[in-house]
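J.: Need the 3D shape of this:
(chains A and B)
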Amino acid sequence: MTAAQIPATNAAAPSLAARARDVVAFEWTKLRSVRSHYITLLIAAVVTIGTSAIVAHAIASVPKSPPAGLSALTASFLAYAEYAVIPVSVLAVLQFTSEYSTGLIRTTFIAVPRRWAVLAGKAAVVGSAALVTGEVLAFACFAMVQALLSGRHRGVSLAQPRVPGAVLAAGFVLCACALTALGLAAIIRHTAGAITATLAAIYLVAGLCLFLPSPWKDDIGRFTMAFAASQVIALHPQAGLFSPWASMLVLAAWPAGALLAAGLVISHRDA
Amino acid sequence: MIELHGLTKRFGRVTAVDDLSFTVRPGHVTGFLGPNGAGKTTTMRIILGLDAPTSGTALVAGRRYQQIVRPLWHVGSLLDATAVHGGRAAYDHLLAVALSNGIGRSRVAQVLELAGLSAVARHRIRSFSLGMKQRLGIAAALLGEPPVLIFDEPANGLDADGVRWIRMLLRQLATDGHTVLVSSHLMSEMALTADHLIIIGRGKLLADTPTERLTESSTRTDVFVRSPRASELAALLTASGADVTAEDGGLAVTSLDAPAIADLAAQHGIAVHELMPRQPSLEQAYLDLTGASTDYRAADQASRSQASR
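T.: Below is the predicted model of the structure:
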């Protein structure tokens, strides 16, 4: 066969939609075909819901109102904020770092040489999986905690204003964390380093802001994922921080920034 | 068809590929040879769009690899058979790669059959031997029925059966009109498989020749002579301008061909018991060609490590 004959084997150039379907099918097949991915998600779900029950039981058994500043709604997501966020973020990290450590990334880039397309495919699949997991777990935690608290007449219900939005937003937090993790993993390539960077982005930056003197604490802290997350899930948002809607933008900006940086890095770096 | 034009790749101060130009044509198995570290893998990685060249171009079917939409329909490749996720079943690995380029499930079953992996398709790759992983990698390369195939050391780590399977597959692909580029650092393997050779050393092109012509260009052709009066004959030969070295039980003569040696011996009444023009083996021709570049590399490294001390 000569060069001139080659286009004939695949004459009709596939549409952009078909190519998008290709990369999503590629990444989805890779995600769903490794058993440890399911096990990780299952453990995350069990531990998150189980710990939520323990937290709710502890709060319910305190005779007076919940610990200072802790609303019944926020209490729903205490366990979720760690036991769902950490394993799902690690899973997102592995979608890049396991390919780099095994060398599979080269197969990926040979199959799909446009690296922005690879990143977009992974982001679509990991983001969707994290969003579904996040919403399911957020509603499950909410239902579990409120069921235990309502026995003491201290629960909140989905019928109250702001509550459905807050639970939905809690689910989105998981998606934002997973996509931030994915972007950082593409840049860093090594599992341990990427996990450290992800945990720093999600928790450590906000943790450091807590040590800042008063006006700065909120002025800087409101740009962090943890502060923004606490705003979107709060029944009564804090005054010094961004509004829940602006906090949603902050939560979207972190993954957007991480993915943008990742795209620039991987499209200019030898694989 | 694969075309390289002045391809150069530098990593810092090290030049891995140095102004490399060659063309790989359809219908042949082209062996890509060179000592370890000669730049074979780097060249292949550039052809496949993994690394960006410092300068020059590498074209497959007239285009840069990154410009090809659904490239697996045009180019199949295997760089490293161990670069797979051990926790995934062979079928799922191939299915993912197939779907990435809009290739159907039926073709996955076909390549599994072709590679003799149908029975273990649902097993996780972790349980595979190196030979089975090589077969899996080759199955993946054949998914899109591409006209161009690029394999990096596909016979590495295979047993005799596996090596023979790959050799026959490569020959068959070439006979069917495919463009086949296959790298190796072993001349003995390429001698049996390749009908064209591209040899590089230190990133530079050393030879681009049909396999059977490689030995012709060698400077090592000589004539082996055995005679009961060897020392006398040696003196005569040297006097007529030949270079003579003693070799177990005889003389190795260069710069004078067999008839001339025989005539000279006859003129002086010296009996000749054996007279044998010798061509070097492919292996020897290859080693002669690459010897300079490997020696230089070793010396270079030695001096560099000395300098750093």
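J.: where do the helices sit along the chain?
T.: As the question left the chain open, I've gone with chain A. All helices of chain A, identified by DSSP state H, fall at A:16-32, A:35-61, A:72-75, A:85-102, A:104-111, A:115-150, A:163-188, A:191-199, A:205-209, A:214-221, A:225-232, A:244-267.
J.: Oops, wrong one, chain B.
T.: B:40-47, B:90-100, B:105-114, B:130-142, B:160-175, B:187-193, B:230-239, B:258-267, B:282-308.
J.: So the second one, near chain A or not?
T.: Right, helix B:90-100. Yes: using Cβ under 8 Å from any Cβ of the partner chain, helix B:90-100 reaches chain A at B:92-93, B:95-97, B:99-100. In short, each C-beta sits where N, CA and C put it, glycine included.
J.: In those residues, which residue is surrounded by the most others?
T.: Among these, residue B:100 has the most neighbours (other Cβ atoms under 10 Å in any protein chain shown), with 29 neighbours.
J.: Could you export the residues of helix B:90-100 next to chain A as TSV, including pLDDT?
T.: Output for the residues of helix B:90-100 next to chain A, formatted as TSV (pLDDT from 0 to 100):
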residue	pLDDT
B:92	97
B:93	98
B:95	98
B:96	98
B:97	98
B:99	97
B:100	97
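J.: ok, now which ones touch the closest residue to chain B within chain A?
T.: For chain A, the residue closest to chain B is residue A:103, as judged by Cβ to the nearest Cβ, at 2.9 Å. By Cβ atoms under 8 Å, 6 or more residues apart in numbering or on different chains, the contact list for residue A:103 reads B:80, B:82-84.
J.: hmm, 6 Å instead?
T.: B:80, B:83 (Cβ atoms under 6 Å, 6 or more residues apart in numbering or on different chains).
J.: Run a quick neighbour tally on the residue in chain B that chain A sits nearest to.
T.: Nearest to chain A, among the residues of chain B, is residue B:83, at 2.9 Å (Cβ to the nearest Cβ). Look at residue B:83: counted by other Cβ under 10 Å, it has 18 neighbours.
J.: so what's it closest to, chain neighbours aside?
T.: Distances taken as Cβ to Cβ, 6 or more residues apart in numbering or on different chains place residue A:103 nearest to residue B:83, at 2.9 Å, with adjacent residues excluded.
J.: Look up phi and psi at the one you found.
T.: Dihedral pair for residue A:103: phi 90, psi 0, per degrees, to the nearest 10.
J.: pLDDT weak spots in the chain?
T.: Since you didn't name a chain, this refers to chain A. A:1-12, A:63-70, A:153 (pLDDT under 70).
J.: You answered for a different chain; I wanted chain B.
T.: Using pLDDT under 70, the flagged stretches of chain B are B:217-219, B:293-309.
J.: which parts of the stretch 151-271 of chain A sit against chain B?
T.: A:270-271 (Cβ under 6 Å from any Cβ of the partner chain).
J.: Counting neighbours, what do you get for residue 50?
T.: In the absence of a named chain, this looks at chain A. The local packing of residue A:50 (other Cβ under 10 Å) involves 13 other residues.
J.: The intended chain is chain B.
T.: Neighbours of residue B:50 (other Cβ under 10 Å): 21.
J.: and what of residue B:256?
T.: 20.
J.: Next, give phi and psi for it.
T.: phi -150, psi 130.
J.: so it sits right up against residue B:242, yeah?
T.: Yes: between residue B:256 and residue B:242 there is a contact at 3.8 Å, judged by Cβ atoms under 6 Å.
J.: can you pull the buried residues of stretch B:191-204?
T.: B:191, B:193-204 (16 or more other Cβ atoms under 10 Å in any protein chain shown).
J.: ok, which pair from the residues you listed is furthest apart?
T.: The largest separation in the buried residues of stretch B:191-204, counting by Cβ to Cβ, is between B:195 and B:202 at 25.5 Å.
J.: Residue B:12: neighbour count?
T.: By other Cβ under 10 Å, the residues close to residue B:12 number 5.
J.: Surely the residue of chain B closest to chain A and residue A:104 touch.
T.: Yes: using Cβ under 6 Å, residue B:83 makes contact with residue A:104 at a distance of 5.5 Å.
J.: quick one, domains of chain B?
T.: Listed by automatic domain parsing, the domain ranges of chain B are B:2-216, B:222-278.
J.: Can you say which of these is packed in most?
T.: Of all the domains of chain B, domain B:2-216 has the most neighbours on average by mean count of other Cβ atoms under 10 Å in any protein chain shown, namely a mean of 20.
J.: contacting residues around the residue of chain B closest to chain A?
T.: Here residue B:83 is in contact with A:102-104, A:106 (Cβ under 6 Å, 6+ apart).
J.: One more pass at 7 Å, please.
T.: Going by Cβ atoms under 7 Å, 6 or more residues apart in numbering or on different chains, residue B:83 touches A:102-104, A:106-107.
J.: can you check residue A:242 too?
T.: Residue A:242 neighbours (Cβ under 7 Å, 6+ apart): A:222, A:228, A:231, A:250.
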